[in-house]
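In: next come a sequence and a model predicted from it.
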Amino acid sequence: MKIFLARRLAQSLLVLLGVSFIVFFILYLTGDPALVLLPPDSSEEDVQKFRQAMGFNDPFIVQYGRFLVGALHGNFGQSVRHGEPAFGLVVERMPATFQLSGAALLVALCLAIPAGIVSAVRRNTILDYVSTVVALLGQSMPTFWLGIMLILVFSVQFNLLPSSGRGSLEHLILPAITLGLFTTARITRLTRSGMLEVLSQDYIRTARAKGVSDPPVVWKHALKNAAIPIVTIVGIELGTLLGGSVITETIFAWPGVGRLSVQAIYNRDYPVVQAAVFLLSSTFVLVNLVVDVVYTYLDPRIRLQ
Amino acid sequence: MSVPISAGAVNLAGASNPARREWVVFARRLARRRTALFGLVVVTVVVVAALGAPWLSPYDPVEQDITNRLRPPGVVDAGGRSHLFGTDHLGRDLLARMIYGARPALMVGFAAVAISGWLGMAVGLVSGYFGGRIDDVFMRLADIQLAFPFILLAIAVIGVLGPSLPVIIVVIGVSSWVVYARVVRGAVLSLREREFVQAAHALGSRDGRIVVRHILPNAFTPWLVVATLDMARVIVIESALSFLGLGVQPPTPTWGGMLADGRVYISTAWWLATFPGLAILVTVLGINLFGDGLRDTLDPRLKL
């Protein structure tokens, strides 16, 4: 177990190193940062001085090393637009993004797992068809369109829920549904197929033959085994949610990292973009590390591999 | 009941050629799945709309008519021109724009899938066949790729390089290879141990020939299913980028761009945001249904 943990941890660190390199490389692609950061009427001499002072004349690998050391200290440079450290700006917005992603995941799990179970247990009934069709639609619906349609119906037509901002619980409802729908659809389909597979196993037949009634068979015997792939996909889906928050936050003016980074890209505020991409990716890597560890408790076979 | 003469004829014609007979069996099985057939019809309609836009479209998609702005669906304007889906804030016909909007969506879809598909196929073949160090390296690269919030990475790169059709295609294409690589790698790992591959080895075939002639054709099926379903994902991403203003630039109509326009007029002109979104939904749904049918027909055990 210790060896597994150590290997998995080393793997995550390697992934983060790769992430840091790509994040750095994106900025490197922008071309001459001096032209972006300095006023356009600066003299050639000023540009040269600035380059030397900021280290833009150093070799690529030296610049990357400096970036990496800075990143490890939480130093991504100053935001060009806000004049504050980029790291602080992003960290400040993290709770809002976590809240939204968490709420979306909660919505997804609360809807998807019961729907998937009912679909599998009552296979080929009207309930199964409805949940399958809804899942299919949910998987094909673009997030941004769903968000706009929800605003159209619940905010514009009936004036029931706020369409933008963060504050009360009411502000959270529409964005969480919007962000969570795709994940809901994915988990519904996965739960259904997982349950169908488990329900046809010998041990379920044994349990039934012993006279165990329906609910315990479904909840205790079947769900426990069908839960394993669901736990994995939750880790992966969290990445989808963190990424999807970029669009959902833009639509609902939700003050999170996603909206901040979209604005930063429009403003060419690259230190903020780097900090945001790096922090969101790190979160994702961390979550998947935790998921993998939880996974080994659920399914001891994994440890042996 | 009438005798299905044509079906019998097809069968006879195919009997002479095993490969062709297999095709006919496959097509029949696929056709029996009504949802897959529906998907195929939808996809065909969208492709025809994209290819035939200049002939099918009722009006010029970029022609402005300020006197007839924000007309609701079905209204006939003063000039006697009818607008089935209404007009936008510049008086442009919504239907015409939706038909033309299929072009960037499909273009990005096909081109990006072509790039990521072949990239992933190459990585999967090499990784699965040779294994060892090279496999480790590729799989770590895949982990790194997957650790990025995709859309954020895409907008960062496009924001830096500037939005244009080639940039969008390359960015989506280059960053979507992982699913293909993993599926092909998995297929190769099991194919590698099969007798016909061992036999080719024993007969002295070189690695390159074994991979291309014996392994690739057998790993193609799962790859095709992934490619179909990935196309749906790519079209949503293209629309999302256009929605954020980082897609193909105006005045070229894009579904995502139309949605972004429509969002501004959400309280006065509901149709502006509704119809382009429906176009995306129906297209993506059609591709997904077709892809699901393809998977179930080709290999029901495939879990994607």
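Out: Yep, that arrived. Numbers count the residues shown, from 1 in each chain, chains lettered A, B, ... in the order given.
In: closest point of the stretch 201-305 of chain A to chain B, which residue?
Out: Closest to chain B within the stretch 201-305 of chain A is A:Gly243: 3.1 Å, counting by Cβ to the nearest Cβ. To be clear about C-beta, it is placed using only N, CA and C from the backbone, and glycine gets the same treatment.
In: which strand or helix spans that residue?
Out: helix A:223-251 (DSSP states H and E).
In: other residues contacting the helix or strand just after that helix?
Out: Tracing the chain past helix A:223-251, the next element assigned as helix or strand by DSSP H and E is helix A:257-266. For helix A:257-266, contacts defined as Cβ atoms under 8 Å, 6 or more residues apart in numbering or on different chains pick out A:79, A:81, A:89-90, A:93-94, A:96-97, A:245-250, A:253, A:269-270, A:272-273, A:276-277, A:279-280, B:152, B:155-156, B:159, B:244.
In: please redo it, this time with the cut-off set to 7 Å
Out: A:89-90, A:93-94, A:97, A:245-246, A:249-250, A:272-273, A:276, A:280, B:152, B:155-156, B:159, B:244 (Cβ atoms under 7 Å, 6 or more residues apart in numbering or on different chains).
In: what residues does chain B put near chain A?
Out: For chain B, the residues in contact with chain A (Cβ under 7 Å from any Cβ of the partner chain) are B:140, B:143-144, B:147-153, B:155-157, B:159-161, B:232, B:236, B:239-240, B:243-244, B:259, B:263, B:266-267, B:270, B:273, B:277, B:280-281, B:284-285, B:288.
In: among those residues, which lie within helices?
Out: B:140, B:143-144, B:147, B:150-153, B:155-157, B:159-161, B:232, B:236, B:239-240, B:243, B:259, B:263, B:270, B:273, B:277, B:280-281, B:284-285, B:288 (DSSP state H).
In: which of the residues you listed count as buried?
Out: Neighbour counting by 16 or more other Cβ atoms under 10 Å in any protein chain shown classes B:143-144, B:147, B:150-153, B:155-157, B:159-161, B:232, B:236, B:239-240, B:243, B:259, B:263, B:270, B:273, B:277, B:280-281, B:284-285, B:288 among these as buried.
In: next one: stretch A:106-119 to chain centre, how far?
Out: 19 Å (Cα atoms, centre = their mean, to the nearest Å).
In: is that stretch positioned near chain B?
Out: No: Stretch A:106-119 stays clear of chain B (Cβ under 7 Å from any Cβ), getting no nearer than 15.0 Å.
In: CA atoms of that stretch as CSV?
Out: What follows is stretch A:106-119, C-alpha atoms only, in CSV (Å, rounded to 0.1, in the frame of the first residue of the first chain):
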residue,chain,number,x,y,z
LEU,A,106,-24.3,17.3,-5.8
VAL,A,107,-27.1,18.0,-8.2
ALA,A,108,-25.6,15.4,-10.6
LEU,A,109,-25.2,12.7,-8.0
CYS,A,110,-28.7,13.3,-6.4
LEU,A,111,-30.4,13.0,-9.8
ALA,A,112,-28.2,10.5,-11.6
ILE,A,113,-27.8,7.7,-9.1
PRO,A,114,-31.5,7.2,-8.3
ALA,A,115,-32.3,7.7,-12.0
GLY,A,116,-29.7,5.1,-13.1
ILE,A,117,-30.8,2.6,-10.4
VAL,A,118,-34.5,2.9,-11.3
SER,A,119,-33.7,2.6,-15.0
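In: buried residues in it, which are they?
Out: By neighbour count on 16+ other Cβ under 10 Å, the buried set for stretch A:106-119 is A:Val107, A:Ala108, A:Leu109, A:Leu111, A:Ala112, A:Ile113, A:Ala115, A:Gly116, A:Ile117, A:Val118, A:Ser119.
In: which residues touch the third one?
Out: For A:Leu109, the residues meeting the contact criterion (Cβ under 7 Å, 6+ apart) are A:Ile187.
In: state the distance from it to chain B.
Out: Using Cβ to the nearest Cβ, to the nearest Å, A:Leu109 is found at 20 Å from chain B.
In: please give the element, helix or strand, for that residue.
Out: helix A:86-121.
In: counting by contacts, list what the following helix or strand past that helix packs against.
Out: Following helix A:86-121 in sequence order, the next helix or strand is helix A:126-140 (DSSP H and E). Applying 3 or more Cβ pairs under 7 Å, 6 or more residues apart in numbering or on different chains; DSSP states H and E, we find helix A:126-140 packed against helix A:86-121, helix A:169-199, helix B:270-298.
In: figure out which of the ones you listed is closest to B:Ser205.
Out: helix B:270-298 (26.7 Å; Cβ to Cβ).
In: quick one: mean pLDDT for the closest one?
Out: Helix B:270-298 carries an average pLDDT of 90.
In: for stretch A:226-234, same thing?
Out: pLDDT averaged over stretch A:226-234 gives 79.
In: show residues contacting that stretch.
Out: Outside stretch A:226-234, the residues that reach it (Cβ under 7 Å, 6+ apart) are A:Arg186, A:Ile187, A:Leu190, A:Thr191, A:Gly194, A:Met195, A:Val198, A:Val291, A:Val294, A:Tyr295, A:Leu298, A:Asp299.
In: now that stretch: buried residues?
Out: A:Ala226, A:Ala227, A:Pro229, A:Ile230, A:Thr232, A:Ile233, A:Val234.
In: what does stretch B:118-132 give?
Out: Within stretch B:118-132, the residues that count as buried by 16+ other Cβ under 10 Å are B:Leu119, B:Gly120, B:Met121, B:Val123, B:Gly124, B:Leu125, B:Val126, B:Ser127, B:Gly128, B:Tyr129.
In: nearest to B:Val174, of these?
Out: B:Leu119 (7.1 Å).
In: can you give me phi and psi for the closest residue to chain A within the stretch 51-200 of chain B?
Out: For the stretch 51-200 of chain B and chain A, the shortest gap (Cβ to the nearest Cβ) falls at B:Pro149, measuring 3.1 Å. Torsion angles at B:Pro149 (phi, psi; degrees, to the nearest 10) stand at phi -60, psi 110.
In: check contacts around the residue lying closest to it once chain neighbours are set aside.
Out: Leaving out its chain neighbours, the residue that sits closest to B:Pro149 by Cβ to Cβ, 6 or more residues apart in numbering or on different chains is A:Gly243, at 3.1 Å. By Cβ under 7 Å, 6+ apart, the contact list for A:Gly243 reads B:Pro149, B:Phe150, B:Ile151, B:Leu152.
In: CSV please, covering these and showing pLDDT.
Out: As requested, the contacts of A:Gly243 are exported to CSV (pLDDT from 0 to 100):
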residue, pLDDT
B:Pro149, 73
B:Phe150, 78
B:Ile151, 81
B:Leu152, 79
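In: which ones are touching the residue nearest the centre of chain B?
Out: Among the residues of chain B, the one closest to the centroid is B:Met231, at 2.2 Å (Cα atoms, centre = their mean). The neighbours of B:Met231, taking Cβ under 7 Å, 6+ apart as the test, are B:Gly109, B:Val113, B:Ile287.
In: neighbours of residue 296, how many?
Out: Since no chain was named, I'll use chain A. 17 (other Cβ atoms under 10 Å in any protein chain shown).
In: can you look at chain B instead?
Out: B:Asp296 has 16 nearby residues by other Cβ under 10 Å.
In: distance of it relative to chain A?
Out: Using Cβ to the nearest Cβ, B:Asp296 is found at 12 Å from chain A.
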